[in-house]
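> missing the sequence, but the structure's below:
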């Protein structure tokens, strides 16, 4: 078990299953976790500075940030409006940009920022054009931030999950779940804890020479040939 005792970690978007799973795994590793639930705790596009400063002030330090907050609506690209496109890109890209920029002032040498991207950042799905583009942008933001924040000793990476289990998914999307299980070499859906384990690793000293990397957590589904 990785020991993050004495570390303070901010996790955004903990109102959902993945965010809570990430936060729980950090807590299991001994970290003090600040949970930002989502819009009810403030829109990060405008409140990032306050959220980050409050977390650091409350606990006297900030060692790692996980940018998990995001949205995933479904809309066919031919029918998508500019407003729908902009809304997804703003939440999924502008929020992490603002949180990261605010956090770097507090993070020590060896500090870590992890964005939760998606395998759709490289493998888009129908109806998710705005989401896929925002996640591709998030992967590139992490690489750019790794380049520019590296001299300060701050590492920036992404975790790209595949299909993650949630209550009711088997009933809501039985054909999709069946197709996923058939395609994934490890034959199962992921769990929020699987995503959390990757985030804990990237925030730990075990990953202290890893930055600008996209860690795919998908049960091997992107290794499957599509032709």
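Perfect, I can see it now. Note that the structure is a prediction, hence the values are computed from the model and not measured.
> can you give me the strands for the chain?
8-12, 32-36, 64-67, 112-116, 155-161, 214-217 (DSSP state E).
> so can I have JSON lines of those showing distance to residue 196?
To be clear about C-beta, it is placed using only N, CA and C from the backbone, and glycine gets the same treatment. Formatted as JSON lines, these follow (distance: least, C-beta to C-beta, whole Å):
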{"stretch": "strand 8-12", "distance to residue 196": "9"}
{"stretch": "strand 32-36", "distance to residue 196": "11"}
{"stretch": "strand 64-67", "distance to residue 196": "9"}
{"stretch": "strand 112-116", "distance to residue 196": "10"}
{"stretch": "strand 155-161", "distance to residue 196": "9"}
{"stretch": "strand 214-217", "distance to residue 196": "10"}
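> of the ones you listed, which is nearest residue 134?
Smallest distance to residue 134 across these (C-beta to C-beta): 10.8 Å, for strand 112-116.
> any regions of the chain where pLDDT drops low?
Applying pLDDT under 70 to the chain picks out residues 40-41.
> quick one: the lengthiest helix in it to strand 112-116, angle?
Longest helix in the chain, counting residues (DSSP state H): helix 129-149. Angle between the axes of helix 129-149 and strand 112-116 is 170 degrees (criterion: axes from the mean of the first three to the mean of the last three C-alpha atoms, to 10 degrees).
> thinking again about what came up before, tell me the most buried of the strands of the chain?
strand 64-67 (a mean of 30; mean count of other C-beta atoms under 10 Å).
> quick one: list the elements packing against that one.
Counting contacts by 3 or more C-beta pairs under 8 Å, 6 or more residues apart in numbering; DSSP states H and E, strand 64-67 is packed against strand 8-12, helix 17-28, helix 95-104, strand 112-116, helix 192-203.
> spatially nearest residue to residue 101, not counting backbone neighbours?
Spatial nearest neighbour of residue 101, excluding adjacent residues (C-beta to C-beta, 6 or more residues apart in numbering): residue 48 at 7.5 Å.
> how many residues are close by the one you found?
When neighbours are counted by other C-beta atoms under 10 Å, residue 48 registers 24.
> do you know how far it is from residue 185?
Noted for residue 48: a distance of 38 Å to residue 185, by C-beta to C-beta, to the nearest Å.
> so what touches the longest helix of the chain?
Residues outside helix 129-149 that contact it (C-beta atoms under 8 Å, 6 or more residues apart in numbering): 67, 70-73, 75, 77, 80, 84-85, 88-89, 91-93, 96-97, 100, 104, 113, 115, 117-118, 120-125, 155-158, 160, 211-212, 214.
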